[in-house]
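Peer 1: coords below, sequence missing:
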C-alpha cells in the first residue's frame, strides 16, 4: 500500500490558538490539493512551544465537542491528521499531546511521557506526565505517535515497535543548538542520526515533523524527515524555513526489508522483561 | 601560560551562523509588526557584523545606522563606520554626543574616566532609543558573549537593545563570522576598543586577551568544566579564579532589577511569559 505523506513544517504563533488553527487549515488545504493522505504537524503546533503561564488560555480538551478539536475533526474528513496541542483533562491537568484524527474521529491521543526539565527546557514545571505508550490502528496500518523527548529515550520507540507499530510518527518542537564546523547544528545531526537508526533498527518507517520559527531567540531548526525501513532517507524538509514536504511511501518496503533482516522476528521481549525486572529489583 | 590549544573548539560554520542569525532578525523584528532596525555603528567589529546581518535580514533600506562620536573618539572610528555604511547602503546619521555629555561632566567634579565612559555609553543608548521611536524600529544590540560573560559593557548603555544577534558568539567567533561576511579588513584587523578614551583597548583594560579567555570561557561555560578541571586542562589557577570571579560578580548586569517578593505572583519571579507572548 502506498501512502502520500505530508510534513507540515510550520512556525506557530506563540499562545495564539486561533491564528494557529487557521494556519493548520491553510496547510491542510495545500496538502489536500497535493493528494496527501496523512499530514503530520509538529509538537504543540496549535499553541507554540514556550507557552508557560499562558497554558490555561491555550489548552483544549481532547474530545470531539471541544471547538478546536471539532474544527480539526471536520478537516480530517479530507485527509488524516496528526496535530500537536496542549491538552487539559477533566481535572485541569495539562499534557503535551498529539492526536491522530481520521474521517471525523479521534483515533488516538498520545500524552508526552518524557518531559525535559534541564538546560533550556522547563516542561516539567508546566505539564503532567503521560503514562502510556501505545500503538494504534489507522486505515493505513498500525502506527505509534511519540513526542520529542519521548524518542530521545530508546524505550518508547522500542515499546511502540513491540506493540505492533510499523510506522513511527515523531513530532517535535526541537530547538536548534550546537554551532560548530558542521553545516548542521548539533541538534539536527543528533536527531537525524537517531531517526535513521530507529528506522533501521526496527525495520519501520520513521516520520519526523519538526517546526521552525523563533521564540525569544530560540530557533527551531525544521529539517523534518521521512526514513525508510532500510534506514535510507526518503525526504527531508529544509532547515529553518516553513514548508509542506510531500513524499510517497510504500508500506510494502517494510516486509521486503524484514525479509532481509528479520530483527522483529528475532527480538526476545521476554529476555528483555526478565533482565529489566532483575535490574530494577523485582 | 602554556596549555593545549583549545581554539579549535571555537571554530564555527559561518554559513550556518549567518543563516540562523538572519532568520532570527527577520522573524523577531517582523513578528511584532515592525519593519525597521536601528543600530549604533562604532567602527568596531561587533557593530559592523551586526549591521551586515540585519541589513541582509531585512534589507539595507530598512536599517538606520547611527554614528555617535565623542570629541575624543578615534578618527578611525568614524571612517570605519562609514566603510560599513557605504558597503551596505543602509541609512545613516551622525550624532555627536559631546554636547550631551560634557555639560554633566563639567558639573561633576572628580568624575573619573570610567564614569565618563559610562555616561557616553548611556548617552548613545538615549539617541538610539529615540531614533527607534522616530523610525518605528528595534534597537539591535552588539554585545558579544565574551563581553556579556565578563561584564565588559555598560548596564543600560551599550548593553541595552531589543534584539542581540551576537550575544551567543564569543569574540573569536565574531571574528570568524565577520571575515566570512566580508566585513572590511581594517575593522577586522584593529585591536578591539570601546573607544571611550584615547588609547583604550578592551584587552589592555581587562588585562586579558580575547583569544586566550575565549578558550577558557568555552570550557567553563559551554562545556561545564569546573574551575579545578580548567586548571587540570592547563590554565593557571590564578587566571581561572580571576575569570570565574569576573563572571560571577558581573552577573547582576545580566539580570533584570531585583524585585522584593511579597505577593503570590511576582514580576520577574513567577510571572512567566516570553517577550514573544502572543506573537
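Peer 2: Happy to help now that I have it. Here the structure is a predicted model, which is why all the values come from computation and not from measurement. Numbers count the residues shown, from 1 in each chain, chains lettered A, B, ... in the order given.
Peer 1: Across the sheet, point out what pairs with residue A:226.
Peer 2: On the basis of DSSP bridges, residue A:226 is bridged to residue A:207, residue A:235.
Peer 1: Could you list which residues are in contact with it?
Peer 2: Residues near residue A:226 by Cβ atoms under 8 Å, 6 or more residues apart in numbering or on different chains: A:5, A:7, A:205-208, A:233-236, A:247, A:249. From N, CA and C alone the C-beta is placed, and that goes for glycine too.
Peer 1: Show the buried residues in those residues.
Peer 2: By neighbour count, with 16 or more other Cβ atoms under 10 Å in any protein chain shown, these hold A:5, A:7, A:205-208, A:234-236, A:247, A:249 as buried.
Peer 1: Quick check: residues of the stretch 151-282 of chain A near chain B?
Peer 2: Taking Cβ under 8 Å from any Cβ of the partner chain as the criterion, the stretch 151-282 of chain A approaches chain B at residues A:176, A:179-185, A:213-217, A:219, A:239-240.
Peer 1: Now do the strands in chain A.
Peer 2: Secondary structure of chain A (DSSP state E): strands at A:2-9, A:38-40, A:80-88, A:94-102, A:105-111, A:135-138, A:141-147, A:167-172, A:205-210, A:212-215, A:218-221, A:225-227, A:233-236, A:243-250.
Peer 1: Kindly indicate which of the contacts of residue A:226 lies nearest chain B.
Peer 2: Set against chain B, the nearest of these by Cβ to the nearest Cβ is residue A:236 (15.8 Å).
Peer 1: mind checking how far the residue nearest to that closest one when sequence neighbours are not counted is from residue A:258?
Peer 2: Taking Cβ to Cβ, 6 or more residues apart in numbering or on different chains, and ignoring the residues beside it in sequence, residue A:236 has residue A:225 as its nearest neighbour in space, at 4.8 Å. To residue A:258, residue A:225 is 21 Å away according to Cβ to Cβ, to the nearest Å.
Peer 1: same question, residue B:228
Peer 2: The gap separating residue B:228 from residue A:258 is 52 Å, by Cβ to Cβ.
Peer 1: The two: which is more packed in?
Peer 2: residue A:258 (17 against 10; other Cβ atoms under 10 Å in any protein chain shown).
Peer 1: and the more buried one, what is it in contact with?
Peer 2: Contacts for residue A:258 (Cβ under 8 Å, 6+ apart) come out as A:203, A:229, A:264-265.
Peer 1: in the chain, which spans are helices?
Peer 2: You didn't pick a chain, so chain A it is. Along chain A, counting by DSSP state H, helices occupy A:17-33, A:55-58, A:67-75, A:123-126, A:155-162, A:186-202, A:252-260, A:263-266, A:269-279.
Peer 1: The chain in question should be chain B.
Peer 2: Using DSSP H, helices in chain B cover B:14-30, B:45-58, B:75-88, B:98-106, B:113-134, B:145-150, B:171-181, B:185-189, B:202-206, B:210-217, B:227-232, B:237-249.
Peer 1: Worst mean pLDDT among those helices?
Peer 2: For the helices of chain B, mean pLDDT drops lowest on helix B:202-206, to a mean of 81.
Peer 1: Centre of the chain to it, how far?
Peer 2: Averaged C-alpha coordinates place helix B:202-206 at 15 Å from its chain's average position (Cα atoms, centre = their mean, to the nearest Å).
Peer 1: which helices and strands sit right next to that helix?
Peer 2: In terms of contacts (3 or more Cβ pairs under 8 Å, 6 or more residues apart in numbering or on different chains; DSSP states H and E), helix B:202-206 is packed against helix B:210-217.
Peer 1: on that earlier part again, export the strands of chain A as a markdown table, with columns for mean pLDDT.
Peer 2: Shown next, in a markdown table, are the strands of chain A (pLDDT from 0 to 100):
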| stretch | mean pLDDT |
| --- | --- |
| strand A:2-9 | 98 |
| strand A:38-40 | 98 |
| strand A:80-88 | 98 |
| strand A:94-102 | 98 |
| strand A:105-111 | 98 |
| strand A:135-138 | 98 |
| strand A:141-147 | 98 |
| strand A:167-172 | 98 |
| strand A:205-210 | 98 |
| strand A:212-215 | 98 |
| strand A:218-221 | 98 |
| strand A:225-227 | 98 |
| strand A:233-236 | 98 |
| strand A:243-250 | 98 |
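Peer 1: Identify whichever of those lies nearest to residue B:185.
Peer 2: For residue B:185, the closest of those is strand A:218-221, at 30.2 Å, according to Cβ to Cβ.
Peer 1: so what secondary structure elements neighbour the closest one?
Peer 2: Here strand A:218-221 touches strand A:212-215, helix B:14-30, going by 3+ Cβ pairs under 8 Å, 6+ apart.
Peer 1: again, only using 7 Å
Peer 2: helix B:14-30 (3 or more Cβ pairs under 7 Å, 6 or more residues apart in numbering or on different chains; DSSP states H and E).
Peer 1: What is the burial count for the closest residue to residue B:239 other than its chain neighbours?
Peer 2: Closest residue in space to residue B:239, ignoring its immediate chain neighbours: residue B:1 at 6.3 Å, by Cβ to Cβ, 6+ apart. Counted with other Cβ under 10 Å, the neighbours of residue B:1 add up to 10.
Peer 1: how about the strands of chain A, which one is nearest residue A:118?
Peer 2: Checked against Cβ to Cβ, the stretch from the strands of chain A lying closest is strand A:218-221, at 14.8 Å.
Peer 1: what does that closest one contact?
Peer 2: Contacts with strand A:218-221, where a contact means Cβ atoms under 7 Å, 6 or more residues apart in numbering or on different chains, come from A:120, A:173-176, A:185, A:187-188, A:210-213, A:239-240, B:20, B:23-24.
Peer 1: Report pLDDT for the residue in the stretch 1-150 of chain A that chain B sits nearest to.
Peer 2: Closest residue of the stretch 1-150 of chain A to chain B, Cβ to the nearest Cβ: residue A:52 (4.1 Å). Note for residue A:52: predicted pLDDT of 97.
Peer 1: can you check residue B:193 too?
Peer 2: Among the per-residue scores, residue B:193 shows a pLDDT of 82.
Peer 1: What residues does the stretch 151-279 of chain B have near chain A?
Peer 2: Applying Cβ under 7 Å from any Cβ of the partner chain, we find that the stretch 151-279 of chain B lies next to chain A at B:271-279.
Peer 1: Pull the contacting residues for the residue nearest to residue A:236.
Peer 2: Residue A:225 touches A:192, A:195, A:208, A:233, A:236, counting by Cβ under 7 Å, 6+ apart.
Peer 1: What sits closest to residue B:118 if chain neighbours are left out?
Peer 2: Closest residue to residue B:118 apart from its sequence neighbours, by Cβ to Cβ, 6+ apart: residue B:154 at 4.9 Å.
Peer 1: Now do that neighbour against chain A, distance only.
Peer 2: From residue B:154 across to chain A, the span is 21 Å (Cβ to the nearest Cβ, to the nearest Å).
Peer 1: Number of residues surrounding that residue?
Peer 2: 22.
Peer 1: what residues are up against it?
Peer 2: B:118, B:121-122.
Peer 1: Thanks a lot, catch you later.
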